[in-house]
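Chemist: take this sequence and fold it.
(2 chains)
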There are 2 protein chains.
Amino acid sequence: MIKVGNLVGGIWQTNPKAKTFQTANPKTKKSILYQFEEANKDQIDQAVKKASSVFESFSETSFSKRIEFLQEIQKQLNQKKGEILNIYQLESAFSGARAEGEFQRTLGQIQEFIELLNLGSFINPIINTNGPDLRKMLFPIGPIAVFGASNFPLAFSTAGGDTISAFAAGCPVIVKAHPFHAGTSALVAEAILNAIEYCSLPLEIFSHLGGISYNVGSELVNHLALKGVGFTGSFVGGKALYDLAQKREEPIPVFAEMGSVNPIFVTETRLENDKNLSDTLAQSIVLGTGQFCTNPGIIIFCDSKDKSDIVKQVNQKFKQIELPPMVHLNIESNYLKKIEDLKNIKGLKIYKQSENIAALGLISASVLLENKELVDEVFGPFSLFVKCSSIEQMSELAKIIPGQLTGTVLSDKNEQVGLKKLVNQIKNKVGRLLFEGVPTGVAVTKAMQHGGPYPASTDGRFTSVGTDSIYRWLRPIVFQDCPNVLLPSALKDKNPLAIERSVNGQMTKKAI
Amino acid sequence: MIKVGNLVGGIWQTNPKAKTFQTANPKTKKSILYQFEEANKDQIDQAVKKASSVFESFSETSFSKRIEFLQEIQKQLNQKKGEILNIYQLESAFSGARAEGEFQRTLGQIQEFIELLNLGSFINPIINTNGPDLRKMLFPIGPIAVFGASNFPLAFSTAGGDTISAFAAGCPVIVKAHPFHAGTSALVAEAILNAIEYCSLPLEIFSHLGGISYNVGSELVNHLALKGVGFTGSFVGGKALYDLAQKREEPIPVFAEMGSVNPIFVTETRLENDKNLSDTLAQSIVLGTGQFCTNPGIIIFCDSKDKSDIVKQVNQKFKQIELPPMVHLNIESNYLKKIEDLKNIKGLKIYKQSENIAALGLISASVLLENKELVDEVFGPFSLFVKCSSIEQMSELAKIIPGQLTGTVLSDKNEQVGLKKLVNQIKNKVGRLLFEGVPTGVAVTKAMQHGGPYPASTDGRFTSVGTDSIYRWLRPIVFQDCPNVLLPSALKDKNPLAIERSVNGQMTKKAI
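Modeler: Predicted coordinates for the structure are as follows:
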């Protein structure tokens, strides 16, 4: 049995007395041949203190140094690719194609931040020389804790968007590995550590802590020297961390992306005319075995003549799909239990074929309005179809839906003008509003918004996907009448970084 | 006795059963001839519900409509100027010059937002047409509660930066008037109401609630339909509102600017050579009778030869200054009691002349390091001078100082390079770092940052002064594959607003 310790301030520590745990293949139900040590209180304390001790020096590294670092992480990941994808598939039972896709996405995300650093203007330099000489830009806030997500062992975990955006910002990172893929996480941590060593950066900028106990996360979030938290996962987990962080002597921001039901609204015309609709919906509902944050959990459709068999059609599609298991046995059994429980709701019909665990519910708008708790997420390959008789009824439903990551309106071109009111209502409930396709699949670009009003996320003003996610870890500082010799490069008269700056109201790369 | 009711959703309500209170002139100690009604639970509920009911329509008003509204507020304030300045001086005992200055600043702040709306690009349109068509911009978050500040009856109150930035963003506003200047506040509210009527905007976008009980504020912050809070005042008040807001079923952002001691660091060379230093410091310490958020409460100076009499000099300057009273009798008596209490601290010498309430303390760095609670703010015209024997000792002190709105480094030109380490330490504790002059006096521009790390404010990533303060009330929403007919004007292909947009990575005003 191979033992895996904790990476504390860039140094692997083993602790013979540590509580240990294992990961298991959700398909074969067999344990993987590693024993992971849970980090203890002292190791958590050391990790954050060490991160804090190097914060000032790391925060002052040049953009070019950070680019070198991120490029080296890409290289190190590529060097370990075989090993990483191997254990990734053992721990998740995801397909080779999914593994390769998520690996490339992870590299691609890093590339986006490399390009952001290359442009350099993300720190928003604003200079005003009329009146007092004021020069403002964004600076990193301090050590950040990143919680690995269960559903994306690579892209939302150890070297995922949270970690990379924090490093790009100039913040040290302490990763709390997700226990379901602790092996994948440890290998990726090793790649990051190699990159730190290769670039001669302070080892203390990175820690990787394991654990299955709630304590590990809570000790970490409660540490006085920690300045921010990134989390992707369940509402219960995210809200608990948020509450802890707000009760600290010094409250700190927690960016918890807690998923949602991502409602899809289908007009009657679209329902009648879109031949691909059942296929499109079926594919989206089962994508990643229904574990994507943007999984469509509610389909609100207008069927005034009560003649559509869309639910049956989607259920039929399910029969032809081979579905990998969910990421953990407990998660899957919770999911199946919830589906069973739903069968007890009066007026709700469950469609469940025997070929896989995907399932559907059908309910009328009026029954949903009387059972508002049904808008809560059922995590897994399930979607609740809600039948309406008019656009007005869809609008009524839009009112009761809480904050969402996404909302989708599928309609016919000719009726779009008439949907303005409904669209505005949905808009105020979501972070992303789609008019074609399905919410699963999130483009990683500057224009993306992944984060919506509470309870979809704890702070809908920020995104956890795309380069704008860096703004979670930055805050403005203004220098007044500061001599050039003490100014950061981005604010010096000569603009040595040659970045776009706002100077007396004009965007320019020119020197002052 | 004239009774003043509450403005609830744009309609003045009187309530014979209401609890009432009065304002008093802090100089003459005489009550002003008005009785103000405290808002009851039902009125608070109505105010927020009405604000919420018109949020969608107000959020869609064009920038030109919002410009018209802000310009009309300026006009209405000017029309009522005589009345407003009259009651302002009665309630605050501030001088005519201060009244005029704050009135003009208030108009000037509104002008800054008019110009921001005129440019239009503050909503950060980001368009990406490669891959899925993604178009992101910022939208208002919903009804905002604004708490009037005690120390700025106009510029940080009813038509102050919080209210105006929220209106400019497209958010309805519920003002909780500060009870010390309820009359000034009611007159300004009347001006805003007139502007709403003149512009035919929904009356419900504005409410003005009075009260001296803690309940009024807590009911307001706890209202489910409220989406954000702006506050300027004490740590105790701001933190209480913050905690309430975080315990709600749906937590909401609270931007509390809670003041700080705004440390000034003076090097030995500067201390020896700056002939104006005592005068500069004396003027800054007593400005606004020491009630500015940026009042310098700690002066850390290096005097290795122990020969400077800077404290005596500043104290001498105080004798020549005529000082208006603090904004309220209770605040002034609290202040004077604190000065008396400080006399009991071993190693702390108090300088207090008899001409006015200004006072100074003198302490050595080592004594301060043993009495860290002395870095807490003494609200009023007081400053604690801390004598150091070296730059290293100043650096030790910089470490123990909590988050601040500002920090100031006064040095000689020739020694600036050697101050890099100290400057970096201070930088990480503040929102604004000054190298000349004093922190009192805050320029209202886009480059300003007024807000620092906790406990100076509850969210140091945002500012409460300058046009960037609008970002407190906005959040991004992205439209994916949205037909032009349903897109907001700022995101339409033709760019009908002719604003700067990021299109596929390039800033441009061109159509797509």
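Chemist: is whatever residue of the stretch 251-400 of chain A ends up closest to chain B in a helix, a strand, or coil?
Modeler: Minimum separation of the stretch 251-400 of chain A from chain B (CB to the nearest CB) falls at A:Pro251, amounting to 6.5 Å. For glycine as for every other residue, the C-beta is placed from the backbone atoms N, C-alpha and C. Secondary structure, DSSP: H, G, I helix; E, B strand; the rest coil: A:Pro251 is coil.
Chemist: and the one 10 residues further on, by the same measure?
Modeler: When states are read from three-state DSSP, the local structure at A:Val261 comes out as coil.
Chemist: residues contacting it?
Modeler: Contacts for A:Val261 were tallied using CB atoms under 8 Å, 6 or more residues apart in numbering or on different chains; they are A:Pro296, A:Gly297, A:Ile298, A:Val375, A:Asp376, A:Glu377, A:Leu384, A:Ile401, A:Gln404.
Chemist: 6 Å instead?
Modeler: By CB atoms under 6 Å, 6 or more residues apart in numbering or on different chains, A:Val261 lies in contact with A:Gly297, A:Ile298, A:Glu377.
Chemist: including secondary structure, distance to chain B and pLDDT, could these go into TSV?
Modeler: Formatted as TSV, the contacts of A:Val261 follow (DSSP: H, G, I helix; E, B strand; the rest coil; distance: CB to the nearest CB, whole Å; pLDDT from 0 to 100):
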residue	secondary structure	distance to chain B	pLDDT
A:Gly297	coil	18	96
A:Ile298	strand	18	97
A:Glu377	coil	16	87
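Chemist: tabulate those (JSON lines), appending neighbour count.
Modeler: Formatted as JSON lines, the contacts of A:Val261 follow (neighbours: other CB atoms under 10 Å in any protein chain shown):
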{"residue": "A:Gly297", "neighbour count": "25"}
{"residue": "A:Ile298", "neighbour count": "25"}
{"residue": "A:Glu377", "neighbour count": "21"}
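Chemist: may I see the residues you listed arranged in TSV, with distance to A:Ser260 as well?
Modeler: Conversion of those to TSV gives the following (distance: CB to CB, whole Å):
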residue	distance to A:Ser260
A:Gly297	8
A:Ile298	9
A:Glu377	6
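Chemist: of the residues you listed, which is the nearest to A:Leu33?
Modeler: A:Leu33 lies nearest to A:Glu377 out of those, by CB to CB, at 34.5 Å.
Chemist: so A:Val8 bridges to which residues?
Modeler: Beta-bridge partners recorded for A:Val8 (DSSP bridges): A:Ile11.
Chemist: pretty sure it sits against A:Asp45.
Modeler: No - the criterion here is CB atoms under 6 Å, and A:Val8 misses it with A:Asp45 at 9.5 Å.
Chemist: the more surrounded of those two?
Modeler: Set A:Val8 next to A:Asp45 and count neighbours by other CB atoms under 10 Å in any protein chain shown: A:Val8 wins out with 25 against 17.
Chemist: residues contacting that one?
Modeler: A:Gln43, A:Gln46, A:Ala47, A:Ser207.
Chemist: out of these, which is most surrounded?
Modeler: Of all the contacts of A:Val8, the highest neighbour tally under other CB under 10 Å goes to A:Ala47, namely 33 neighbours.
Chemist: which stretch of helix or strand covers it?
Modeler: Here A:Ala47 sits within helix A:41-53, counting by DSSP states H and E.
Chemist: which residues are contacting that helix?
Modeler: Helix A:41-53 has contacts (CB under 6 Å, 6+ apart) with A:6, A:8-9, A:143, A:172, A:174, A:204, A:207, A:219-220, A:223, A:225-226.
Chemist: and with 8 Å instead?
Modeler: Helix A:41-53 has contacts (CB under 8 Å, 6+ apart) with A:6, A:8-10, A:13, A:15, A:39, A:142-143, A:172-174, A:204-205, A:207, A:209, A:216, A:219-220, A:223, A:225-226.
Chemist: shouldn't the residue of the stretch 251-400 of chain A closest to chain B be in contact with A:Ala245?
Modeler: Yes - using CB atoms under 8 Å, A:Pro251 makes contact with A:Ala245 at a distance of 6.2 Å.
Chemist: which one's more surrounded, those two?
Modeler: Taking other CB under 10 Å, A:Pro251 and A:Ala245 do not tie; A:Ala245 has more neighbours (23 against 19).
Chemist: just confirm A:Phe255 is within a strand.
Modeler: Yes - applying three-state DSSP, one finds A:Phe255 inside a strand.
Chemist: can you name the residues bridging to it?
Modeler: Bridge pairing for A:Phe255 (DSSP bridges) gives the partners A:Gly230.
Chemist: so it makes contact with A:Ala456?
Modeler: No - using CB under 8 Å as the test, A:Phe255 is too far from A:Ala456 to be in contact (11.9 Å).
Chemist: of all of the stretch 151-300 of chain A, which residue lies closest to chain B?
Modeler: At 4.1 Å from chain B, A:Gln246 is the closest residue in the stretch 151-300 of chain A, using CB to the nearest CB.
Chemist: from the contacts of A:Val8, which is closest to A:Lys446?
Modeler: Of all the contacts of A:Val8, A:Lys446 sits closest to A:Ser207, with 29.5 Å by CB to CB.
Chemist: not counting its neighbours along the chain, what's nearest the closest one?
Modeler: A:Ala47 (3.7 Å; CB to CB, 6 or more residues apart in numbering or on different chains).
Chemist: what about the one you found, distance to chain B?
Modeler: Distance, A:Ala47 to chain B, using CB to the nearest CB, to the nearest Å: 20 Å.
Chemist: longest helix anywhere in chain A?
Modeler: In chain A, taking DSSP state H as the definition, the longest helix is helix A:96-119.
Chemist: that one near chain B at all?
Modeler: No - contact of helix A:96-119 with chain B (CB under 8 Å from any CB of the partner chain) is absent, the minimum separation being 8.6 Å.
Chemist: contacts for that helix next, please.
Modeler: Residues from elsewhere that reach helix A:96-119 (CB under 8 Å, 6+ apart): A:63-64, A:66-67, A:70-71, A:73-74, A:77-78, A:81, A:84-85, A:88-89, A:92, A:94, A:122, A:152-155, A:159-161, A:164-165, A:167-168, A:288, A:444-446, A:466-467, A:470, A:499-500.
Chemist: list the buried residues for it?
Modeler: For helix A:96-119, burial by neighbour count (16 or more other CB atoms under 10 Å in any protein chain shown) applies to A:98-99, A:102-103, A:105-107, A:109-110, A:112-114, A:116-117.
Chemist: before we move on, what about stretch A:500-508?
Modeler: Applying a neighbour-count criterion of 16+ other CB under 10 Å, one finds A:Glu500, A:Arg501, A:Ser502, A:Val503 buried in stretch A:500-508.
Chemist: that'll do, ta.
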